[in-house]
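just the structure for this:
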Amino acid sequence: MSETNTVESTDVLVVGSGFGGSIAAYHLAAGGAKVVVLERGPWLSGKDFDHDYLLGKSYTRVFDFVAGDGMSVLGGNCVGGGSVVYFAALPRAPRFVFERHGSIGRRMWPSSISRETLDPWYDRVSEVMPVRQQDWPDVTYAGGLWAAACHHSDHSANPVPVGIDATKCTNCNWMMAGCRFDAKQSLLLNYLPAALAHGTQIRPLHEVQKIARTDDGGYRVHFNTIDDEDYRITTGGGVIDAKIVVLAAGAGATPVILQRSEAELGRMPLAVGRYFSGNGERLNTAIVDEQRAGEVLGLRRPNGAVYEANQIGKGPVVACWDYLDENLPEYSRFSLEQLYFPPGLGTILAQAPGATGPTWFGKEKKKILQQWKSWLTIFLMTEDDNEGVFGPPPPTGNAYRISQQMLGRGPLAYDPTPNTLRGWAEADAAVKAILEKDGLATVAPWTNDVVGAYTVHPLSSCRIGDDPETSALDDRHELRGHPGIFVTDGSAVPNALTVNPALTIAALAERAVPGIVRAARDRGVDVTYGAPLPTAAATRPATSEPAA
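Predicted coordinates for the structure are as follows:
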């Protein structure tokens, strides 16, 4: 495949349209810069989101599942990125997170960033994507059972703050496949339509491969175009020159692009592709004993059933935050969040409680599948040791594509340290103590024996920091040694957050924009900072169709 001879140019080239990419694109375009966004995945919106799991439907089109060595990563693959497939849980990171030392023995975050200094940026994002603190009447049956079990074990439980318009939510529980009712605050409803209104060009099915330098000190971004149905097929390619490049392809792809670019850009910081964190995540699957839950917790649904409600409601609505205590030692702090996994994924991931070994198939697996309505999944977010490392990049993309859509094999290696393993074990034990008390349920923790650890919130593979030896970016998110290249996605977050990271990634991106604007001005771009937040500008969802 050869590239076209035409070289297009723009002021700012943004790679990826998730939280980090869309926020940068909006502010730079609103400030007067010419902005182009290249997105690897397709452009879908409300009416395109299907309520089934068939190959080729939205469920397989908008995800990127990459299996590595010891870690598998599930992320968004579409315009809007992770915001389209996330569960819209939007908590702020605890204060102690910013003071963590981890394996390097000193504070990982830049000295300029703390919970207090990040709060104004959290506030800005919360204006654009309204964060609503749920109350108990909003809680689903699954959340209510988890809250009741926590209370029974003398633990507190809290409704989770979310970005969901309750007046539009139908409790269909298809949030993970994209919300067809526009109830979920994805970027398709705010930053992206506002960026489009200011002239941003968004190009789906454009997968960035590498970055090179131009003779005038700018950058040349090389991309392949991807087939709409079979992501293994490239349909063409090209290049775009830009004065500023903002990388926001996700923690599983941004470091791969930079590694592949090293031959032409020059030496990358040591931390590019190192210190990956899976946000310390684990899953525990509980099979609720319907009779005991009724007897012990006094629960009853209107139809007479005690629970049998795994499919009813929405994503995470209740969390236990008792262990998010700054006085606890590092690796002993974690959150326990009730989570809904649709049967399409849940049946694959679930294992039989009480088995002597992993049971992904056979009689025991068949038995728990028959009880799927009584499942309760608990999502654990702990403190890991940033032990993930990316090996040599594949020839194209971020993975070796295995299937037509969704599935790939990537270069990430993850070998959990004793610190991480201890944190997982303590969190597993806490879930077991709560749900198995008085025979409420039987719990099976995730095992790494078959496919390794698993994360839906990859972080830290190109992290910010003060120490050039252990951070790829300075505190302004600029790539060390490569002025004009910025990283604003989850890969910039220094460590596991112990809570859902979307709001923190977005707040950091908002914080990074003024520095990107200054760098753009220094490179001759006529751009200013200070446009109003896009709450009023976004009047209709961002779609690939022209406005009426």
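
how about the helices in the stretch 301-450 of the chain?
343-349, 363-370, 418-435 (DSSP state H, counting those that start in this stretch).

so of these, which one's packed in deepest?
Scoring the helices of the stretch 301-450 of the chain by mean neighbour count under mean count of other CB atoms under 10 Å gives helix 418-435 as the most buried, with a mean of 19. Any C-beta I mention is one placed from the backbone N, CA and C, and that applies to glycine too.

in this protein, which strand has the most residues?
Ranked by residue count under DSSP state E, the longest strand found in the chain is strand 234-247.

quick one, what contacts the closest residue to residue 493 other than its chain neighbours?
Once flanking residues are discounted, residue 493 sits nearest to residue 459: 4.5 Å by CB to CB, 6 or more residues apart in numbering. Listed by CB atoms under 8 Å, 6 or more residues apart in numbering, the contact set of residue 459 reads 251, 276, 277, 278, 279, 490, 491, 493, 495, 496, 497, 501.

cool, residue 524 as well?
For residue 524, counting by CB under 8 Å, 6+ apart, the contacting residues are residue 243.

equivalent analysis for residue 371, please.
residue 287.

name the nearest of the contacts of residue 459 relative to residue 242.
Nearest to residue 242 among the contacts of residue 459 is residue 491, at 19.6 Å by CB to CB.

the closest one: how many residues sit nearby?
32 (other CB atoms under 10 Å).

show me the strands in the stretch 301-450 of the chain, by range?
318-320, 335-339, 375-381, 389-390, 400-401, 407-413, 441-445 (DSSP state E, counting those that start in this stretch).

cool, the stretch 51-200 of the chain as well?
Listed in chain order, the strands of the stretch 51-200 of the chain (DSSP E, counting those that start in this stretch) span residues 63-69, 71-76, 132-133, 158-159, 161-162.

so which elements touch the last one?
Here strand 161-162 is seen to pack against strand 132-133 when contacts are counted using 3 or more CB pairs under 8 Å, 6 or more residues apart in numbering; DSSP states H and E.

the second one now?
Packed against strand 71-76, as judged by 3+ CB pairs under 8 Å, 6+ apart, are the following elements: strand 63-69, helix 82-85, strand 407-413, strand 453-455.

so for residue 506, which of these sits nearest?
Of these, nearest to residue 506 by CB to CB is helix 82-85, at 8.8 Å.

run through who's touching that closest one.
18-19, 22, 44, 62-63, 75-76, 78, 176-178, 185-188, 250, 490, 502.

coming back round to it: save the strands of the stretch 51-200 of the chain as JSON lines, and put in mean neighbour count too.
Shown next, in JSON lines, are the strands of the stretch 51-200 of the chain (neighbours: other CB atoms under 10 Å):
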{"stretch": "strand 63-69", "mean neighbour count": "22"}
{"stretch": "strand 71-76", "mean neighbour count": "24"}
{"stretch": "strand 132-133", "mean neighbour count": "14"}
{"stretch": "strand 158-159", "mean neighbour count": "18"}
{"stretch": "strand 161-162", "mean neighbour count": "23"}
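
what's the closest of those strands to residue 302?
Across the strands of the stretch 51-200 of the chain, closest to residue 302 is strand 158-159 (CB to CB), at 20.8 Å.

what pairs with that closest one, parallel or antiparallel?
With DSSP bridges as the test, strand 158-159 is paired with strand 318-320 (antiparallel).

any idea how far the residue nearest to residue 453 when sequence neighbours are not counted lies from residue 485?
On the basis of CB to CB, 6+ apart, the spatially nearest residue to residue 453 that is not a chain neighbour turns out to be residue 71, at 4.8 Å. The gap separating residue 71 from residue 485 is 26 Å, by CB to CB, to the nearest Å.

the helix or strand where residue 22 lies - what's its average pLDDT?
In this assignment (DSSP states H and E), residue 22 forms part of helix 19-30. Averaging pLDDT along helix 19-30 gives 98.
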